[in-house]
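Chemist: Requesting a structural model of the entry that follows:
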Amino acid sequence: VQLQASGGGLVQAGGSLRLSCAGSERIIGSYAVGWFRQAPGKNREFVAGINWRESDTRYADSVKGRLTISRDNARNTVYLQMNNLKPEDTAVYYCSAGPWPLIRGRYWGQGTQVTVSS
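Modeler: Below you'll find the predicted structure:
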């Protein structure tokens, strides 16, 4: 497994979760890393990404101000801190790595379910 996602769960609206994406140094050290999500009946959409070398970040408009992406170089891990969650954030979240600005992922982890109850 090249990317390992974890941290999903069930939370009430307004609550918080932190997702983690751990990967090999070969991938994490070479590509931007981020998150996409797919809700039932909808297309997969970009959520947030971080450029590993330069710490540039990019967010979907729907999550700006609520979600924060960060990295831990020593652990080859990227985190997505999710605050003030809304029911519309409910989806399967996928960790991905690819060329910046991460329009499309090249490597994918398994999904982790995030469910926000109202």
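Chemist: helices and strands of this structure: which one has the lowest mean pLDDT?
Modeler: Least confident helix or strand of the chain, by mean pLDDT, DSSP states H and E, is helix 25-28 with a mean of 88.
Chemist: From S6, how far off is P99?
Modeler: Separation of P99 from S6 (Cβ to Cβ, to the nearest Å): 25 Å. C-beta: built from backbone N, CA, C; applies to glycine.
Chemist: ditto for G111
Modeler: Distance from G111 to S6, by Cβ to Cβ: 11 Å.
Chemist: Residue ranges in the protein under the pLDDT threshold?
Modeler: Counting by pLDDT under 70, the low-confidence segments of the chain come to 1, 54.
Chemist: Can you identify the strand in it that spans the most residues?
Modeler: strand 107-117 (DSSP state E).
Chemist: Within the sheet, what are the partner strands of that one, with directions?
Modeler: According to DSSP bridges, strand 107-117 forms sheet pairs with strand 9-12 (parallel), strand 91-98 (antiparallel).
Chemist: how far out from the middle of the chain is stretch 78-88?
Modeler: 9 Å (Cα atoms, centre = their mean, to the nearest Å).
Chemist: again with stretch 2-18
Modeler: Centroid separation for stretch 2-18 versus its chain: 10 Å, with Cα atoms, centre = their mean.
Chemist: so what's the closest residue in space to G29 that isn't next to it in sequence up against?
Modeler: Of all residues not flanking G29 in the chain, W52 sits nearest, at 6.4 Å (Cβ to Cβ, 6 or more residues apart in numbering). When the contact criterion is Cβ atoms under 8 Å, 6 or more residues apart in numbering, the partners of W52 are I28, G29, S30, Y31, A32, V33, R71.
Chemist: Only whichever of those are buried, select them in PyMOL.
Modeler: In PyMOL, a selection of the buried entries from the contacts of W52 looks like this (16 or more other Cβ atoms under 10 Å):
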select buried, resi 28+30+31+32+33+71
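Chemist: Can you add distance to G65 and give the contacts of W52 back as JSON lines?
Modeler: Formatted as JSON lines, the contacts of W52 follow (distance: Cβ to Cβ, whole Å):
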{"residue": "I28", "distance to G65": "26"}
{"residue": "G29", "distance to G65": "29"}
{"residue": "S30", "distance to G65": "30"}
{"residue": "Y31", "distance to G65": "26"}
{"residue": "A32", "distance to G65": "21"}
{"residue": "V33", "distance to G65": "21"}
{"residue": "R71", "distance to G65": "20"}
